[in-house]
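>>> My questions concern the predicted model and sequence given below.
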Amino acid sequence: MKQLYLLFFLIFSTTLFAQGITPEVDTKLQLLNKNEVTTDILYDRVFPLANLVEFNQLASDTSHINHFYQAYHELQRADYNIRWNPIQTFKANVEAETTSIPIGIINVDFEYLDEESISKNLLDIQGQDSLLVDVPNRSRSPYIKTNALVISTLNRYQGQNRAFKLNFLT
């Protein structure tokens, strides 16, 4: 029983932490020139439970429904332009589909901060609040651009004779 409580606590605290990090990170990044984030998605704004920076990079990774939803939710919150539907809306649309199994595909470019951007003199830390600031005349951007491809079925179904559905949102 203790293990069950511990597991519940870990899951609950991770969820709370993951939800609340974006405003704090945005405060630390407020002085940076966001025009250099060409995709308008800065993955460092969220707690990376889906690990999209490393997903499918060195080896083929397999996604599943929960990973897909986590990846979608992280990208939705990391997007400066709020172009993604809220995760609740997305899930409701999936659950409304009863005649087929939807297949979710995320194929998106995004950026993240180079871990060595301070030591490489691309960014600096300023003030008592430890805000990140741009270094003038730096050699390159502190942002690294990458791509995430995440594919998963979005409903669980056991049985025979089931159709799959692809929706293209353009």
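Received it, and whenever you're ready, just let me know what you need.

>>> So for stretch 77-88, what gets flagged as buried?
By neighbour count with 16 or more other CB atoms under 10 Å, stretch 77-88 contains the buried residues Arg77, Ala78, Asp79, Trp84. Backbone N, C-alpha and C define where each C-beta goes, glycine included.

>>> Quick one: mean pLDDT for it?
The average pLDDT for stretch 77-88 rounds to 96.

>>> That stretch: how far from the chain's middle?
Distance of stretch 77-88 from the chain centroid (CA atoms, centre = their mean, to the nearest Å) equals 10 Å.

>>> Of the buried residues of stretch 77-88, which belong to helices?
Using DSSP state H, the members of the buried residues of stretch 77-88 that fall within helices are Arg77, Ala78.

>>> Report the central residue of this protein.
Glu74 (2.9 Å; CA atoms, centre = their mean).

>>> who touches the strand or helix carrying it?
Assigned by DSSP states H and E, Glu74 falls within helix 65-78. Residues outside helix 65-78 that contact it (CB atoms under 8 Å, 6 or more residues apart in numbering): 22, 41-50, 52, 55, 63, 84-87, 90-91, 104, 106, 108, 110, 148, 150-156.

>>> Low-confidence stretches in the chain?
1-19, 157-159, 161, 167-170 (pLDDT under 70).

>>> For it, which segments are assigned as helices?
Using DSSP H, helices in the chain cover 2-29, 65-78, 87-96.

>>> Could you pull up the residues touching the nearest residue to Lys34 once chain neighbours are set aside?
Closest residue to Lys34 apart from its sequence neighbours, by CB to CB, 6 or more residues apart in numbering: Tyr80 at 6.3 Å. By CB under 8 Å, 6+ apart, the contact set of Tyr80 is Lys34, Val37, Asp40, Ile41, Leu42.
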